[in-house]
Structure formats: C-alpha cells, structure tokens
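Trainee: Build me a structure from this.
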Amino acid sequence: QVQLVESGGGLVQVGGSLRLSCAASGTIFSVYVMGWYRQAPGNQRELVADIGGGGDTNYGDSVKGRFVISRDNAKNTVFLQMNSLKPEDSGVYYCKAAIRERLSPARVLDHWGQGTQVTVSS
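Mentor: Prediction:
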C-alpha cells in the first residue's frame, strides 16, 4: 500500500509565503511525476505544478514566477514553495504521484494525498 501525506498548509496574509510538503511511503518501487493540484469551492481541480524524476517542471499559468516546485528523490518527497500569495490561491491543495508499487511492478498508478487547506486572507 502507498500513502501520500501532505503538510504545511494554513492561513497566511496576502503577499505571504507557505511551503507545502508531501511524502510518499509504503511499498514503493519507483516514483515518477509528482505534482500539486488545488481546488477552490465551486471550481474544478487544477494543476498548480508538477515535476518529473529528472527535475523537469511544469507550472500553471497563474502561479508562474511565484511558486517553485522541487523534490527529494531519496525521500520520495515533493515540495511547493508558494510566494507572493493572493486570495485566489486559496483552496485545498492535493499532492499527486505516479508510483510503481513493489507488489504490482507492471503498473504505474496515480496516488493522491488527502489535501491540505491553504487560505490567503486580505
């Protein structure tokens, strides 16, 4: 079994910063793309940023230049540094990872974390 555990959400004022972390654990053989998505009430879940195993990154247009995604492959952990936060950045942030499990090495499956709330107040 695989678990993704997120941390680092909270309440911050406009212009502030937060750092999210997501650690994957369990019967992992390999971790491929890891990423962050967010969902605000009434909106669809959207990509914030993702990062491949080699460090190649992809950002949503609304966060380019403000957010930085990184990962620690040895710890199967992905980070999201969020700077210059705006009220529209508020929402539940979910971690996603494409993982090949030891018990099912022929498949790569997407796993999701439980989500962490980010609220940016004005």
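
Trainee: Grab the nearest non-local neighbour of the most centrally placed residue in the chain.
Mentor: Nearest to the geometric centre of the chain sits W36, at 2.7 Å (C-alpha atoms, centre = their mean). Nearest residue to W36 in three dimensions, chain neighbours excluded: V48, at 4.3 Å (C-beta to C-beta, 6 or more residues apart in numbering). For every residue, glycine as well, the C-beta is placed using N, CA and C.

Trainee: distance of the one you found from A24?
Mentor: Remark: distance between V48 and A24 (C-beta to C-beta, to the nearest Å) = 17 Å.

Trainee: the more surrounded of the two?
Mentor: When V48 and A24 are compared for neighbours, V48 comes out ahead with 23 against 20, by other C-beta atoms under 10 Å.

Trainee: Which strand or helix spans that one?
Mentor: strand 46-51 (DSSP states H and E).

Trainee: Now find how far off-centre the helix or strand just after that strand is within its chain.
Mentor: Next along the chain after strand 46-51, taking DSSP H and E as the criterion, comes strand 57-59. Distance, stretch centre to chain centre, for strand 57-59: 12 Å (C-alpha atoms, centre = their mean, to the nearest Å).

Trainee: strands paired with strand 57-59, and their directions?
Mentor: Take DSSP bridges as the rule and strand 57-59 pairs in its sheet with strand 46-51 (antiparallel).

Trainee: can you list contacts of the partner strand?
Mentor: Strand 46-51 is contacted by residues 33-39, 57-60, 63, 67, 69-71, 78, 80, 93, 96 when judged by C-beta atoms under 8 Å, 6 or more residues apart in numbering.

Trainee: Now that we have those, which of them are buried?
Mentor: 33-38, 59, 63, 67, 69, 71, 78, 80, 93, 96 (16 or more other C-beta atoms under 10 Å).
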